[in-house]
Structures are given as structure tokens and as C-alpha cells.
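Engineer: with the input below, show me the fold.
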Amino acid sequence: MFVVPSPGSSAPTSPFPASVIASPSPARLGEAAERIAARTELWLPYVRFESPDRYHTRLERTATHEVWLLTWLPGQGTEIHGHGGSKGAFTVVRGELTERVFPPTSYPVHPVPRRLPPGPVRAFGPRLVHQVVNEGPVPAVSIHVYAPSLTSMAYYRQLPDGRLVTDRVEEVEE
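Structural biologist: Take a look at the predicted model:
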């Protein structure tokens, strides 16, 4: 979905540095998320908000990575989830999100919420399990980059004692 130049115009520079394509580490994916966030013409036309579920759309998918735009009305959020072994990074471009990270352990956990304002990038490895929610009073927008492209998402349930159990695994549509 990224903007394609019209005939006779110059091609826009890629939002992805060559290093992302060659070596998609979480840090490199974070750099790509920052570059895309700075280029509002790439994502702003796709921003919309829906209820009761969050709106999301894939902006780009290549052999090495993919880019998603997510929008969040106040109160909307994800379930506790993992990214099927993909590395990733995301940045909030409008509003504010709250993240809770669940470390890989069989022991009970009670994660501390972390506020994610616009600007900073949250990069992560393939084993991250987290929950992201818009706990603020205004709608939020975020840009997410994953490598490799998502093929499945694992969803978890937190038991009353704080332990996580796998609820289900879903395939991500092409």
C-alpha cells in the first residue's frame, strides 16, 4: 500500500534502510519503524477508527518484513499475545498506549504497566509476550514492523494466581 510514484515522477526513497532488509534485527526494525512514522504520507491515508474492535491494516509485506498500521480508540487493546517467533518494533505516532510485558516463566507474574507516548520505539525479540492497551482519553495510532512476516499469533490467558496459559494460536491471513 505504500505510495507508488506516478509516471515521470521520481521514486520516493525507501522507508527501509538497506540494513533492515539484509539483517532484520529488532534494533534495525526499530529504525524502520521510526522512518515510516516520520513519513506520514505512507500511513496517514489509512488511519481510521472502528468499534468495538481495533482497526488494523497491513501497509507492506515483502520477503523479509511487513509493516502494519494499528488504531486504538480509548479502552481498546490486545489480548496477551506473542508474535509467532517474529521479531518486531513499534512506535506510537498519536495518542499514548500502555504495555504490559510477561516474561517467559512458569511462575506467576504481575507486570508493571509501561506508558508508550509518541516517539520512542519499542523493539523486541521473537519471544516477547505482551498486552497493549489504549488507557488514555484520546485515540492512538501506532506503526508496527515485523520480521519475518507474521504467520501466527499465540494468545494467552492469565490465571488468578498470575500464571499464563496458552489460550489459542491463530494463523495470520496472507
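Engineer: strands along the protein, start to end?
Structural biologist: 55-61, 66-72, 80-82, 87-94, 97-101, 114-116, 121-124, 129-133, 140-147, 152-158, 164-171 (DSSP state E).
Engineer: TSV please, covering these and showing mean pLDDT.
Structural biologist: Listed next are the strands of the chain as TSV, based on pLDDT from 0 to 100:
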stretch	mean pLDDT
strand 55-61	94
strand 66-72	96
strand 80-82	96
strand 87-94	97
strand 97-101	97
strand 114-116	97
strand 121-124	96
strand 129-133	97
strand 140-147	97
strand 152-158	94
strand 164-171	93
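Engineer: tell me which of those is the most buried.
Structural biologist: strand 140-147 (a mean of 26; mean count of other C-beta atoms under 10 Å). Backbone N, C-alpha and C define where each C-beta goes, glycine included.
Engineer: could you give the angle of it to strand 129-133?
Structural biologist: Put simply, strand 140-147 runs at 160 degrees to strand 129-133, going by axes from the mean of the first three to the mean of the last three C-alpha atoms, to 10 degrees.
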